[in-house]
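Visitor: Next one to model:
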Amino acid sequence: MLSDELHRTREFLKISHTLLDTRQLMPYNINVERSTLEAGMAGIIDIAKASGVSRETVSRILNGKYKGRTEKSRAIMQWVRKEAGRINYRLNNAARTMRTTSSRLIGIVIEEKSLMTHPVITETLKGINEILEESDYMLTITSLSGIRESTLESRIFKEHLLDGIIIVDNIDSARARMMKSIIPACIMVNMNYWEDRFCVRRDEYDAGRTAGSELLQLGYKRALYFDFDIQRYSNKIHHYSAKDRISGFKAGFEGNKTEIVVIKDDPTTFHEYLEKNLNAITPYTVLVAANNLRLFSLTSALSCLSLKAGNDCGLVSLDDETGFLRTFPFLSRVSFPRMEIGRIAGQMIVSLLKGDAKKCASTKIKGKWIAGTTTRNLNAKMGGCII
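Guide: From the prediction side, this is the model:
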């Protein structure tokens with residue numbers, strides 16, 4: 001039996017050696033590699049001739065190493081990239097990664113469901129991607145659910161596939177520090193985590209204060225502030241924006257006797273609350289939605305109670321996004337430049353990867369008050385419009 005087993009093993013090794021004879025495979029591999037290199041070089045030569053620049057310049061532009069600081073150099077960059085597109089030239093990213101030890105990949109760390117429940121995030125991602133494309137980096141989504149307290153399940157982290165990461169979802173500080181220890185090129189966007197560098201976030205305190213100050217000048221005497229105590233109804237982390245917005249809102253009314261009532265119930269109960277307090281709602285009362293989700297609940301409740309924003313009461317949101325503005329184009333609100341926030345985050349990560357950390361000072365982006373027809377000047381003789 002043993003001799004039969006040895007015989008079968010010898011036969012298997014003979015067949016394996018025949019199929020995997022390196023002398024047969026090697027010429028084929030060399031030819032493929034040589035063909036790929038020659039095609040790439042030919043493409044660069046063609047682009048260089050058509051653009052009137054050197055092969056070195058073309059290579060630097062296509063590899064994202066060309067500065068493009070002057071108007072002339074930027075024009076050259078555009079022309080070279082246009083020629084590359086015309087001849088359908090493609091960089092060999094695998095070869096470039098081996099040569100430069102850089103993947104040109106930037107990971108966006110986010111919870112999958114945030115893309116559905118918080119569509120405003122997509123505006124920030126557009127801004128990030130715009131800058132990354134200009135600098136020849138690619139954006140890839142990295143699931144936050146793959147990151148645990150003590151270990152990183154994602155292959156992207158374990159195999160060091162990323163040059164840098166941008167975290168755009170709220171996580172606890174311990175996990176943020178853990179990710180930074182693995183991938184030092186890390187930028188935090190709209191997070192509780194904050195330090196002197198590498199962070200960019202909305203200035204929510206200023207947004208609340210701005211709204212409060214505007215409503216005070218319009219003559220509102222009572223404000224019903226609708227928020228949601230997320231820790232009361234779920235195990236999610238309380239975002240810094242909740243505390244900062246209400247603190248700023250109260251500061252906007254500082255020194256005035258305006259009554260501010262904060263309601264932190266489940267949004268599905270907003271209708272019930274307004275119905276119970278219907279007699280207390282007057283034209284001098286303003287309903288304030290802390291964010292978009294509260295706004296939708298409030299507008300639905302107002303509609304059911306036949307109350308018209310801008311006439312029977314005021315209505316304000318401390319946040320906005322392009323999607324719901326199609327439904328409420330005349331809403332009085334605080335608006336943040338979300339794409340610009342994304343661009344700043346993109347510029348930070350690119351600067352950090354270039355070794356220029358001095359350009360990565362943390363910054364807070366202020367919102368802008370937009371007066372709509374859902375509020376009116378109660379100090380004036382004429383009433384406001386109705387939406």
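
Visitor: and Phe296, how many residues sit next to it?
Guide: Per other Cβ atoms under 10 Å, the neighbour tally for Phe296 reads 17. The C-beta positions use only the backbone N, C-alpha and C, and glycine is treated the same way.

Visitor: Return the per-residue confidence for the closest residue in space to Ala50 that isn't next to it in sequence.
Guide: Leaving aside its chain neighbours, Ala50 sits nearest to Glu83 (4.8 Å; criterion: Cβ to Cβ, 6 or more residues apart in numbering). At Glu83, the model reports a pLDDT of 81.

Visitor: Ile15 too?
Guide: If you check Ile15, the pLDDT there is 37.

Visitor: Under the pLDDT cut-off, which ranges of the stretch 201-350 of the chain? List them.
Guide: Scanning the stretch 201-350 of the chain for pLDDT under 70 picks out 228-237, 323-324.

Visitor: can I see the domain layout of this protein?
Guide: Following automatic domain parsing, the chain resolves into domains at 20-98, 100-202+338-365, 204-337.

Visitor: Ok, which of the ones you listed comes nearest Asn377?
Guide: Among the domains of the chain, the nearest to Asn377 by Cβ to Cβ is domain 204-337 (5.3 Å).

Visitor: coming back round to it: wait, which of the domains of the chain is closest to Gly372?
Guide: domain 204-337 (4.1 Å).

Visitor: how much distance is there from that closest one to the middle of the chain?
Guide: Relative to its chain's centre, domain 204-337 lies at 25 Å (Cα atoms, centre = their mean, to the nearest Å).

Visitor: what's the span of that domain from first residue to last?
Guide: Its first and final residues considered, domain 204-337 spans 13 Å by Cα to Cα, to the nearest Å.

Visitor: and if you look at stretch 268-283?
Guide: Terminal residues of stretch 268-283 lie 24 Å apart, using Cα to Cα.

Visitor: buried ones in that stretch?
Guide: The neighbour-count check on stretch 268-283 (16 or more other Cβ atoms under 10 Å) flags 270-271, 274, 281, 283 as buried.

Visitor: do the same with stretch 281-297
Guide: When burial is assessed from 16+ other Cβ under 10 Å, stretch 281-297 yields the following buried residues: 281, 283, 285-297.

Visitor: Kindly report the same for stretch 79-87.
Guide: By 16+ other Cβ under 10 Å, the buried positions in stretch 79-87 come out as 79-81, 83-84.

Visitor: okay if I get those residues as a markdown table plus secondary structure?
Guide: Listed next are the buried residues of stretch 79-87 as a markdown table, based on DSSP: H, G, I helix; E, B strand; the rest coil:
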| residue | secondary structure |
| --- | --- |
| Trp79 | helix |
| Val80 | helix |
| Arg81 | helix |
| Glu83 | helix |
| Ala84 | helix |
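
Visitor: thinking again about what came up before, of all the domains of the chain, which one is nearest Thr373?
Guide: Of the domains of the chain, nearest to Thr373 by Cβ to Cβ is domain 204-337, at 4.3 Å.
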